[in-house]
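S.K.: I would like to see how this sequence folds:
(chains A and B)
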Amino acid sequence: MNQQINKKWHSGMFSTEDWWSAWLGLFFFGLGLLTIWGLDVVGWIAKPKTWEWTNLVNDFSWSKLLKTSSKTYHDLHPLLSLFITYIVFAGLTTLGAYYQKLNVKKYFTGFTAIFVLTWLSWIAGHEAHLSAINAVVKKHNYYQEFHLNWGLQLGGGASYMLALIVGLVIGNFFKGFANKIKEAAKPEWFIKTGIVLLGIKLGMMTMKAAGFTYELTLAGAAAAFVAYLLFWPIVYYIGRKYFKLNRSSAAVLSSGISICGVSASIATAGAIKAKPVIPIAVSTLILIFAMFELVILPPALTNLAPNEPIVNGAAMGMTVKTDGADAAAGAILDELMLSKHLKQTGEQWEEGWILSAALLTKIWIDIFIGIWSFVLALVWIRNVENKTVKEKIPKSEIWFRLPKFVMAYMLVWLIYLGIMYFFPDLIAGAKAGGHIVQGSFRKLMFMLTFLSIGVITDFSKLKGMGRLAILYAIALFAIIAPIAYVVAYLFHHGMLPPVVK
Amino acid sequence: MIPLHYKLYYQNRQWLCENESHRFVADELEDIDQQIKQYLVNTYRQGTFNIKLHFDFNAFPLWMRQYMPHYFNRQIIIKI
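M.R.: Residues are numbered from 1 along each chain as shown, chains lettered A, B, ... in the order given. Okay, here's the model as predicted:
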């Protein structure tokens, strides 16, 4: 069997999902930048259109369902556009799978199935009765244009929820099929690539409202730091005192619940050198609860606090564990809150700010993991472990645990800042391609995440988790969620997304 | 200081530590340390050893590796 050892600083550069999300994200970002020189090599990507089923049945045309992302490729048949999209995404991710030493044949067939199901969900979710909002959006009121009598008015959230439902049905009721496609169900890889592309959105947001973006970034850092200092000791204390967990289990569970789910539980377990069975058990629990959070929190927050979009987003980032589930929850929240606000006031908030609020808190937490694990390792060696030999903690541990996709996200943002401050003449050109990459490319990665996260979630694994599951539920809903909301409120209260004019 | 490198992994509820020439197996990491120390005492008699144990992440199931690609590397100093 191949070894997976991190010995040198560049270890894993071509063999881990984390690095591959950075490479893939930066590659798409680079392609998007070519519009600066008038070269559109990204506009071929397909995107779904809002459609209405009676209208489609009466006069079927693929162009009612799909279109290319830029006018450069206007003449391309929609199905050809979709096929090119498939070839590019299947090709690049299969290349990544090869270097990650996955089973390439299984990955390719699995990805093909996931891609097809994702697009079916995406197109279905754009049916006007599900998505159209009775208001003018980008010069269209599809609700009126299609003469609808009723509609759920969910906006883009309908597609996200549909993909999630399809994934969950497969993961829980068609387990044989789920096992066949699991090799390609990589929600963390897909979402991390999507997050790198979201760096473009942050760059564009900075170009539009620099002060607000910096404020949002700093508030996210402060909120994540404060929340974490509260979460961890409380959960650890309860785990030790009332659930009689041993030190290792309590520490790993505290990090898993408080910080960033699976990655934090692995990092913490590694720092205290726990036996790998502990983070494996805790991670199974985290993934299942993340699904409850993802399903319950976005609609709950949309209805409980419809006038606090940024607070809701930041609270989501501190509550929902794993990057995939958090970004997914943030994206649903973004769509639901925008739709609700538009429906109620006729005013359209700009897309992406609520999602960014959810992600910025999570990204700071991701960065924090490596440092926290290093500190915890020192504490553990000095105060907990039996000292029979002298042990050192290599500083390289911080580097190996630092999420590389976050570096790529920051790099993308910095490049946009550089363009904004030093080459303002290039802004329009950069925006043209960037808009497509952070739009169609990023949304496809998000959609793939929604479906994949459902496929790998098997609720039956909760059986036998006993007191760990009870502690997790209590900690999450009675401690983490309320504290996260209070902290998010303190740091983000009064912030609103810009209004589309 | 004499450098020594080992691969460390976890299998069937036991820690395993090995390089091309030696293999140590124990339930607890502390016992691995002791086994290494004993081996050094028997082999070298004296000296200071900088021992790096690199964890092989293959001990984790495939589905978990996408969340965090690193467990830990351990560095112990043994003086005999």
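
S.K.: tell me the pLDDT of the spatially closest residue to A:Lys275 that is not a sequence neighbour.
M.R.: Closest residue in space to A:Lys275, ignoring its immediate chain neighbours: B:Tyr10 at 6.3 Å, by Cβ to Cβ, 6 or more residues apart in numbering or on different chains. For the C-beta atoms, the positions are set from N, CA and C on the backbone; glycine is no exception. B:Tyr10 is assigned a predicted lDDT (pLDDT) of 91.

S.K.: isn't there a helix covering B:Tyr10?
M.R.: No: assigned with DSSP: H, G, I helix; E, B strand; the rest coil, B:Tyr10 falls outside any helix and is strand.

S.K.: where do the helices of chain B begin and end?
M.R.: Ranges of helices within chain B are B:29-44, based on DSSP state H.

S.K.: so what's A:His74 up against?
M.R.: Residues in contact with A:His74 (Cβ atoms under 8 Å, 6 or more residues apart in numbering or on different chains) are A:Thr68.

S.K.: give me that answer again for 10 Å
M.R.: A:Gly43, A:Lys67, A:Thr68 (Cβ atoms under 10 Å, 6 or more residues apart in numbering or on different chains).

S.K.: and if you look at A:Leu355?
M.R.: Residues counted as contacts of A:Leu355 (Cβ under 10 Å, 6+ apart) are A:195, A:198, A:201, A:313, A:316-317, A:326-335, A:446.

S.K.: switch to 8 Å and redo it
M.R.: Taking Cβ under 8 Å, 6+ apart, one finds A:Leu198, A:Gly313, A:Ala327, A:Gly330, A:Ala331, A:Leu333, A:Asp334 in contact with A:Leu355.

S.K.: and which of those residues is nearest to A:Leu102?
M.R.: The shortest gap between A:Leu102 and any of the contacts of A:Leu355 belongs to A:Ala327, at 22.3 Å (Cβ to Cβ).

S.K.: buried residues in the helix or strand the closest one falls within?
M.R.: If you go by DSSP states H and E, A:Ala327 is part of helix A:323-345. Neighbour counts over helix A:323-345 (16 or more other Cβ atoms under 10 Å in any protein chain shown) mark A:323-342 as buried.

S.K.: elements contacting that helix?
M.R.: Identification of packing neighbours for helix A:323-345 by 3 or more Cβ pairs under 8 Å, 6 or more residues apart in numbering or on different chains; DSSP states H and E yields helix A:157-173, helix A:187-208, helix A:277-304, helix A:309-319, helix A:353-383, helix A:442-455.

S.K.: got the residues of chain B near chain A?
M.R.: Neighbours of chain A within chain B, by Cβ under 8 Å from any Cβ of the partner chain: B:7, B:10, B:13, B:15, B:29-30, B:33-34, B:37, B:52, B:54-79.

S.K.: buried among the residues you listed? Need that as a selection in PyMOL.
M.R.: Paste this into PyMOL to select the buried members of the residues of chain B next to chain A, with burial taken from 16+ other Cβ under 10 Å:
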select buried, chain B and resi 7+10+15+29+30+33+37+52+54+55+56+57+58+59+60+63+64+65+66+67+68+69+70+71+72+73+74+75+76+78
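
S.K.: pLDDT below threshold where in the stretch 351-500 of chain A?
M.R.: Scanning the stretch 351-500 of chain A with the threshold set as pLDDT under 70 gives A:385-387.
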